[in-house]
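Asks: Only the shape, not the letters, is given here:
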């Protein structure tokens, strides 16, 4: 009675090697083992299957009818096993890795870090998923994401990349037309561009040192996309609460102007989040380590510490 099972994949692969090499000795050389060991494994396989696979003679081996039928079905096993070992023991990261972030963080923070990652790991390909919705990493099979805050779910690991606080900005076009607000009281008279979940109803909560302030905009636009809020501010549509890390190039070029820089929003943690699991693929680990060591995020951490 046959007792074949998954544990016989390797003996079956050895059987294929014997047939392809034409002898036990040839298979032993290919597998870097002894002829007697190969012969023992084939004999045991035949006993487990309950059929004879090979006819032995002093000159050659020949397949039995059952042996030929089994060989035709398992002939790909050695290649499959070799490829499996190659994947598990690869010396360089390779394959695809997926990462998600919001549109604003993706363009301003993630892109520069991924550019340097590409130069370092050319065999790793990226799936970049930009979404202002909080995607379920596990349910959607995404390897990692950049999020505000640390995960509460025990199935996820969160590692802090940097911290940032909202500050106020407007475009020169808007300020030329409406004037530069120089006091907190003056801010409520201006038109605002508000992120809908941050400032519902146009109510902006800010800090001046330890003092908490509430500024109710009389005229405001609401938008659910941080990247679109940036674009609307750049277009001169009003004052906006923005993360300095996402608009540093716009500020450096003069496209956005800081307003009352002593005012800030809540301190926000930006973290790299990924599923908690053992045996993380080399390609995934490479991207995690690269992002955690990125000079871009180090610079943000240093600026925030000085602020």
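Replies: It's in. This is a predicted model, so every value here is computed, not measured. Numbers count the residues shown, from 1 in each chain.

Asks: Quick check: mean pLDDT of stretch 111-125?
Replies: For stretch 111-125, the mean pLDDT works out to 92.

Asks: what pLDDT does residue 297 get?
Replies: Looking at residue 297, its pLDDT stands at 66.

Asks: Likewise for residue 278?
Replies: Per-residue pLDDT puts residue 278 at 74.

Asks: Please give me every residue in contact with it.
Replies: When the contact criterion is C-beta atoms under 8 Å, 6 or more residues apart in numbering, residue 278 has no partners at all. The way it works is simple: take the backbone N, C-alpha and C, and place the C-beta from them, glycine included.

Asks: mind checking the SS state of it?
Replies: Here residue 278 is coil, with the state taken from DSSP: H, G, I helix; E, B strand; the rest coil.

Asks: ok, and what's touching the host helix or strand of residue 43?
Replies: Secondary structure assignment for residue 43, by DSSP states H and E: helix 35-49. Outside helix 35-49, the residues that touch it by C-beta under 8 Å, 6+ apart are 2-4, 8, 11-12, 14-15, 18, 24-25, 27-28, 31, 52-54, 70.

Asks: Which of these are buried, as a PyMOL select command?
Replies: Buried subset of the contacts of helix 35-49, written as a PyMOL selection, criterion 16 or more other C-beta atoms under 10 Å:
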select buried, resi 8+11+12+14+15+18+24+27+28+31+53+54+70
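
Asks: Now intersect the contacts of helix 35-49 with the strands, please.
Replies: Applying DSSP state E to the contacts of helix 35-49, the entries found in strands are residue 54.

Asks: Where does pLDDT dip in the stretch 101-250 of the chain?
Replies: Judged against pLDDT under 70, the stretch 101-250 of the chain has no low-scoring part.

Asks: beta partners of residue 101?
Replies: Per DSSP bridges, the residues bridged to residue 101 are residue 130.

Asks: That one: neighbouring residues, count only.
Replies: Other residues near residue 101 come to 24 when the count uses other C-beta atoms under 10 Å.

Asks: wait, what's in contact with it?
Replies: Residues counted as contacts of residue 101 (C-beta under 8 Å, 6+ apart) are 109-110, 128, 130, 145-146.

Asks: These into JSON lines, with extra columns for neighbour count?
Replies: Output for the contacts of residue 101, formatted as JSON lines (neighbours: other C-beta atoms under 10 Å):
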{"residue": "109", "neighbour count": "26"}
{"residue": "110", "neighbour count": "23"}
{"residue": "128", "neighbour count": "13"}
{"residue": "130", "neighbour count": "15"}
{"residue": "145", "neighbour count": "25"}
{"residue": "146", "neighbour count": "20"}
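
Asks: Please, where are all the helices along this structure?
Replies: 9-21, 24-31, 35-49, 65-74, 77-88, 103-105, 111-120, 172-178, 184-187, 226-234, 244-253, 282-292, 295-306 (DSSP state H).
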